[in-house]
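**Student:** starting from these lines, generate the structure:
(2 chains)
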Amino acid sequence: MAPAYAQSSRAASALIGACLIAACGAPAPEQSAAGTTRTNCGIDVTVDAPPERLYAAYQPGIEVAHALGLGDRLVGTAFLDAEVLAEYADEQARADYVPSLPSREGLLATRPDFVLSGYNNIFAENSGDSSVGTRASLHELGVQTWILSPLCPSEDGLTDRAIDPASVTVDGVYHDLRGLGALFGAEDAAEHVISDMRERIATVEAQVDGAERPTVAIVSPGEDGGYRVASGIDFGTRIIERAGGVNAFADLTGQRNLDVGAEELVERDPDVILTDLCCGADLTRADARSEVRAIMSDPALAGVTAVAEGEVHPFLFADRAAGVRAAHSIELVASRLHPDLVGQ
Amino acid sequence: MAGSTTAARSGPAAGPIPRSGNGGSLFTGGIGRTAGLVLACLLLAAASALSVLVGNYDLSVADALSALASPGGGDADRVVWHVRVPRTATGVLAGMGLGAAGAVMQGLTRNPLAGPGILGVNAGGAFAVVSAMAFLQVSSLAGHLWSAFAGAALAAVFVYALGSLGGGASPVKLALAGAAFSAMVGSATTAITLLDPSVLNDFRFWTVGSLTRSGSGDLAVAAPAVLAGVGLAVLIGRDLNAVALGEDMARSLGTRALAARALGAVSVVLPAGAATAIAGPIGFVGLVVPHMARALTGPDYRWIVPWCVLLAPTVLLLADVLGRVLIRPEQLQVGIVTGLIGAPFFIHLVRTRKAARL
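**Tutor:** Reported below is the predicted structural model:
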């Protein structure tokens, strides 16, 4: 589609409105007759031709874009939780980047024809500054959207509290890669990434098969003395499972991240703790040592198995994301849970 | 506001006790009031016991007692000594500070809507702490404490000045000034936290108070400030009574108005600032508890202040216990719970004509 609209979003919507009434006579590229449709989170996403102006939000969205080789179509990227994977560093260095989410106007000013987001809150209703509007409201402007499906809310405009646990799967990531590949005309790249991930994850699964499964908690210490942990509907649970462990908080599925006290960690007594450092485009796993120290030095946690046995490992919020990083993360976690079975 | 009606009703013989009537207060007369204070002590002890007993980690009374009596090395002992006891002690100290500050503020300003939360003192303290952390890299608790004192003092002065513009600080004007100031520094605090998303989690504490942050080291630093402020607040009860009679009456009774106000200001800023430094900004406790105390013991500040000092930590600890069980296994910060409970009461106060005049 031809993004003929101007800078201000008001002008943009007016133009789009006019355009719609006039049946949008923009010069249509070749495949316009059929178009390509893929379903994402129960919403049909249709493009007449491969989108040319992609806006990628959040770590998983940005990394998926690079994995599919769409770096040269990026009109903007926002909100990295950590350094991007080494293989995407050069491409990302060339992309426009802002550390926090754009406003709706800021987003539209980049004239995107497609927005790919790693998390659902960017399309939340009533969440003010951290939202660019619902997906439906962007589709009305001719901007197609995609949320990585392990983060699918049950309805457009909702957030983490409305995630169906059944949708939080590694296969969901493959489905996303395949769907995006089809929409962007990058099927080969998608299949390549998928088979690479499948192979790496299968290798880990074979290595840890039959081994005892330790309980694992993904934990971030807060300034208020509490801790934030990843729940059963967070993709981290799947990463832990594939790596041969069990999320100690898997039974809690109310929302992705939970604020619990030190007591709850003592009560659940995880065998291994992974930290959860976030957010910044230059964060690395080495930075997460600060969280390791904070957890190891909390006197209340001294009796927790993971702390007593020195099994608190640096890990990043970015590492538990649903995206192309999953294979890396599963290898990393497996090497921590089963160092005798899985090499670094 | 003139306050002449209260002065006229109290009569000269009564000494500096405003309003002769007891207004249906429960604990009156020397013995009744002393018994009441003993009861308040027991209530505080009960709330403290509950705070040590209730939490996500299952702990029987016997476990708790043995952990308290002879700490060994088990999880139960660690939970008691490193989670429940510091949390309870934080609640006791912060509650005492907020209660005393609230009583003194209501007395000094003769304003039933006064309180360290409503008048922006807590928000000012938290803002100063966050600013010091962000711009001056202050991270020690002593640093937080001094920042909180400075912020609380500046907030008190600013809000009082703002509320007094255009002739006299009426209760609602002062509350409005406090609300405006809280909103202003609250958004400034949020703005600072948003500048650096990586520390957002760290700063959340300074926008919603919680009892889980401070360890015994922090409490040891803050306790002297709280206790000094609370002690001073108890001592100036007589002066607060005189202030309640109005300027003229206070002068004729020989109350050193300026000195009383200065001491009063210290006994607001010291405990409220210290409470904010260890527990973050907590609203409504300092506002609501003095009204409870007044209902129980009558209008005499020599009794209201001690009641507040005992009742406020009781209320705060119960709110915190509620926050632990409401959405178990997650927890609600105590600042959220006090907001949920306190806001309707505040609305009630604003709408009640009688309470709108002290």
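
**Student:** any low-confidence regions in chain A?
**Tutor:** A:1-34, A:127-129, A:344 (pLDDT under 70).

**Student:** grab the nearest non-local neighbour of residue 50.
**Tutor:** Unless you meant another one, I'm taking chain A. Nearest residue to A:P50 in three dimensions, chain neighbours excluded: A:G185, at 3.9 Å (CB to CB, 6 or more residues apart in numbering or on different chains). Where you see a C-beta, it was placed from the backbone N, CA and C, and this is true even at glycine.

**Student:** let's do chain B instead
**Tutor:** B:L50 sits nearest to B:V321 (CB to CB, 6+ apart), 5.5 Å away.

**Student:** check the separation of the first and last residues in stretch A:258-269.
**Tutor:** Using CA to CA, to the nearest Å, the end-to-end distance of stretch A:258-269 comes to 16 Å.

**Student:** what lies in contact with that stretch?
**Tutor:** If you take CB atoms under 8 Å, 6 or more residues apart in numbering or on different chains as the criterion, stretch A:258-269 is touched by A:215, A:217, A:219, A:222, A:225-231, A:248-249, A:252, A:298, A:300-301, A:303-305, B:55-58, B:75, B:78-79, B:82-83, B:212, B:324, B:329-331.

**Student:** again, but for stretch A:120-134
**Tutor:** A:57-58, A:101-104, A:107, A:115, A:117, A:135, A:138, A:145, A:147, A:151-153, A:156-160, A:163.

**Student:** and the residues you listed, which of them are in strands?
**Tutor:** Within those, membership in strands is found for A:57, A:115, A:117, A:145, A:147, as judged by DSSP state E.

**Student:** pick the one among those closest to B:S139.
**Tutor:** Among these, A:A57 lies closest to B:S139 (CB to CB), at 32.4 Å.

**Student:** got the contact list for the closest residue to that closest one other than its chain neighbours?
**Tutor:** Using CB to CB, 6+ apart and skipping the chain neighbours, the partner closest in space to A:A57 is A:S117 (4.3 Å). Contacts for A:S117 (CB under 8 Å, 6+ apart) come out as A:56-58, A:61, A:123, A:145-148.

**Student:** can you do 6 Å?
**Tutor:** By CB atoms under 6 Å, 6 or more residues apart in numbering or on different chains, the residues touching A:S117 are A:57-58, A:61, A:147.

**Student:** how close does it get to A:L54?
**Tutor:** Using CB to CB, to the nearest Å, we find A:S117 at a distance of 11 Å from A:L54.

**Student:** now do A:R198
**Tutor:** A:R198 sits at a distance of 25 Å from A:L54 (criterion: CB to CB).

**Student:** can you give me the neighbour number for B:D248?
**Tutor:** B:D248: 12 surrounding residues under other CB atoms under 10 Å in any protein chain shown.

**Student:** for A:V307, same thing?
**Tutor:** 22.

**Student:** which one is it nearest to, not counting chain neighbours?
**Tutor:** Distances taken as CB to CB, 6+ apart put A:L301 closest to A:V307, at 4.9 Å, once the chain neighbours are dropped.

**Student:** just to revisit the earlier point, the residue nearest to B:L50 reaches B:L53, doesn't it?
**Tutor:** No: contact criterion CB atoms under 6 Å: B:V321 and B:L53 do not qualify, at 8.9 Å.

**Student:** tell me which element the most centrally placed residue in chain B is part of?
**Tutor:** Taking CA atoms, centre = their mean, the centroid of chain B lies closest to B:L98, which sits 1.3 Å from it. Assigned by DSSP states H and E, B:L98 falls within helix B:85-109.

**Student:** which strands and helices sit next to that helix?
**Tutor:** helix B:29-53, helix B:216-235, helix B:257-279, helix B:285-297, helix B:301-326 (3 or more CB pairs under 6 Å, 6 or more residues apart in numbering or on different chains; DSSP states H and E).

**Student:** at 7 Å instead, please
**Tutor:** Judged by 3 or more CB pairs under 7 Å, 6 or more residues apart in numbering or on different chains; DSSP states H and E, the packing partners of helix B:85-109 are helix B:29-53, helix B:216-235, helix B:237-244, helix B:257-279, helix B:285-297, helix B:301-326.
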